[in-house]
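J.: sequence unknown, structure follows:
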């Protein structure tokens, strides 16, 4: 079975509310492909590696979090040329959802990471350009160490912890990827978050967390941003009679 590419793109745009987000990323269909989609691949990054993997898997459409275009049309030469040429030579469509997949209450990265971690009563958190791009909620009281270990198990990798907040944890928040900037860590402090989860941070955040008594867990940009894509994969499997495939391409960051 298959689904019309235009119909699928319209459904994704509406479901993820792409039109509501103002950012540098171009959300939606970035490169057109076959009119009929029989197999959809999912990956965190829209790069040559995942394009090659999608072609090898026989996909007609690749859905990613980090697409090709970020508010500026780069000249098509060098690596950019190779990426687009591979897509076009194989008639592989590319769809990207950046902030829409951060912010979504059902299909978003943070919402699903927290859900799988056992965080309940989730509400929006993390203000960015007038919108929330993460979530916060509550868990039954546990130790900071226990939650850290649970997070490492969930992510399947080590998690850097800045353990400056309270030893007992109930209130947890998350903005994935590069969500550990000063404004978001400050919001965690204001909201009395006991354990804040993100992907990566800059050097000065260490002392900012230490001086403001905030515990920050850094699980890696890649590892924290698989959750929304996997949720979207399951959602589309239920919505349409098409094949899907997950492309694992970790970066170590």
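T.: Here it is on my side, so go on. Keep in mind that this is a model prediction, so the values were computed, not measured.
J.: just name the shakiest helix or strand of this protein by mean pLDDT.
T.: helix 78-89 (a mean of 94; mean pLDDT, DSSP states H and E).
J.: what comes up buried for that one?
T.: 83, 84, 87 (16 or more other Cβ atoms under 10 Å). Every residue, glycine included, has its C-beta placed from N, CA and C.
J.: what pairs with whichever helix or strand comes after it, parallel or antiparallel?
T.: Sequence order places strand 93-96 as the next helix or strand after helix 78-89, per DSSP states H and E. Here strand 93-96 is paired, per DSSP bridges, with strand 28-31 (antiparallel), strand 61-66 (parallel).
J.: any idea which of the ones you listed is most buried?
T.: strand 61-66 (a mean of 25; mean count of other Cβ atoms under 10 Å).
J.: what about residue 102, which SS state?
T.: helix (DSSP: H, G, I helix; E, B strand; the rest coil).
J.: who are the contact partners of the residue lying closest to it once chain neighbours are set aside?
T.: Nearest residue to residue 102 in three dimensions, chain neighbours excluded: residue 133, at 4.3 Å (Cβ to Cβ, 6 or more residues apart in numbering). Residues counted as contacts of residue 133 (Cβ atoms under 8 Å, 6 or more residues apart in numbering) are 99, 102, 103, 110, 126, 127, 175, 179.
J.: again with residue 80
T.: Residues counted as contacts of residue 80 (Cβ under 8 Å, 6+ apart) are 68, 74.
J.: how about residue 94?
T.: So residue 94 contacts 29, 30, 31, 33, 46, 51, 61, 62, 64, 67, 68, 87 (Cβ under 8 Å, 6+ apart).
J.: what two of these are the furthest from one another?
T.: Spanning the widest gap among the contacts of residue 94 are 29 and 51, at 15.3 Å by Cβ to Cβ.
J.: still on that earlier bit, residue 155: which of the buried residues of helix 78-89 is nearest?
T.: Among the buried residues of helix 78-89, and counting by Cβ to Cβ, the member closest to residue 155 is residue 83, at 27.8 Å.
J.: from residue 91, how far out is that closest one?
T.: To residue 91, residue 83 is 15 Å away according to Cβ to Cβ, to the nearest Å.
J.: got it, and residue 99?
T.: In terms of Cβ to Cβ, residue 99 sits 28 Å off from residue 91.
J.: who has more neighbours, these two?
T.: For residue 99 and residue 91, the more surrounded residue by other Cβ atoms under 10 Å is residue 99, and the numbers stand at 23 against 13.
J.: can you check the pLDDT for the more buried one?
T.: If you check residue 99, the pLDDT there is 97.
J.: the chain should start at 753 in everything you say after this.
T.: Renumbered: residue one is now 753, and that last one reads residue 851.
J.: ok, the closest residue to it other than its chain neighbours - contacts?
T.: Using Cβ to Cβ, 6+ apart and skipping the chain neighbours, the partner closest in space to residue 851 is residue 773 (4.5 Å). When contacts are counted by Cβ under 8 Å, 6+ apart, residue 773 touches 779, 850, 851, 852, 855, 883.
J.: make it 7 Å
T.: By Cβ atoms under 7 Å, 6 or more residues apart in numbering, the contact set of residue 773 is 779, 851, 852, 883.
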